[in-house]
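Chemist: here is the input, now give the coordinates:
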Amino acid sequence: VEQLTLNTSEAYMLTIPQCHSDCSDLDEATSCPASSKSEIVIAAETALGIARAVETLLQLMSTVDGQHTTAASFVISGVPWHIQDHPRFPHRGLLLDTSRNFLPLRSLLQTIDAM
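Modeler: Take a look at the predicted model:
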């Protein structure tokens, strides 16, 4: 199991090529059914980078008819895509909303110590 540290790479590369199968019912220049034979490539140094790439891929997918029943009902618009991404900063932010949620002092101190 990979230990998450400040130096853990979350960088990834995601490539979605132009559709190569029969896309007669869709505009091939802008959409590709998820069931097509085109291969989506994800490259990352760590499992966390792969997870970030999969999150991006899911955000690019949309349904054709509003139903989530089969893989064939999903499309990826705007193909081809080539995305290289990485966090801007090596750290993650943390928000403790104490104005709407009461947090005991002990809980706040434990959170700060955990950072």
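Chemist: wait, isn't Met13 in contact with Ile50?
Modeler: No - judged on CB atoms under 8 Å, Met13 makes no contact with Ile50 at a distance of 10.6 Å. For glycine as for every other residue, the C-beta is placed from the backbone atoms N, C-alpha and C.
Chemist: residues that sit against both of the two, list them.
Modeler: Counting by CB atoms under 8 Å, 6 or more residues apart in numbering, the contacts common to Met13 and Ile50 are 42, 44.
Chemist: tell me, what residue is most central in the chain?
Modeler: The centroid of the chain falls nearest to Glu55 when counting by CA atoms, centre = their mean (1.7 Å).
Chemist: separation between Thr5 and Pro90?
Modeler: Using CB to CB, to the nearest Å, we find Thr5 at a distance of 9 Å from Pro90.
Chemist: ignore what I typed, I meant Ala51.
Modeler: Distance from Ala51 to Pro90, by CB to CB: 17 Å.
Chemist: neighbour-wise, which of Thr5 and Pro90 wins?
Modeler: Pro90 (12 against 7; other CB atoms under 10 Å).
Chemist: tell me the contacts of the more buried one?
Modeler: By CB under 8 Å, 6+ apart, the neighbours of Pro90 are 6-7.
Chemist: state the phi and psi torsions of it.
Modeler: phi -80, psi -10 (degrees, to the nearest 10).
Chemist: brilliant, that's me finished.
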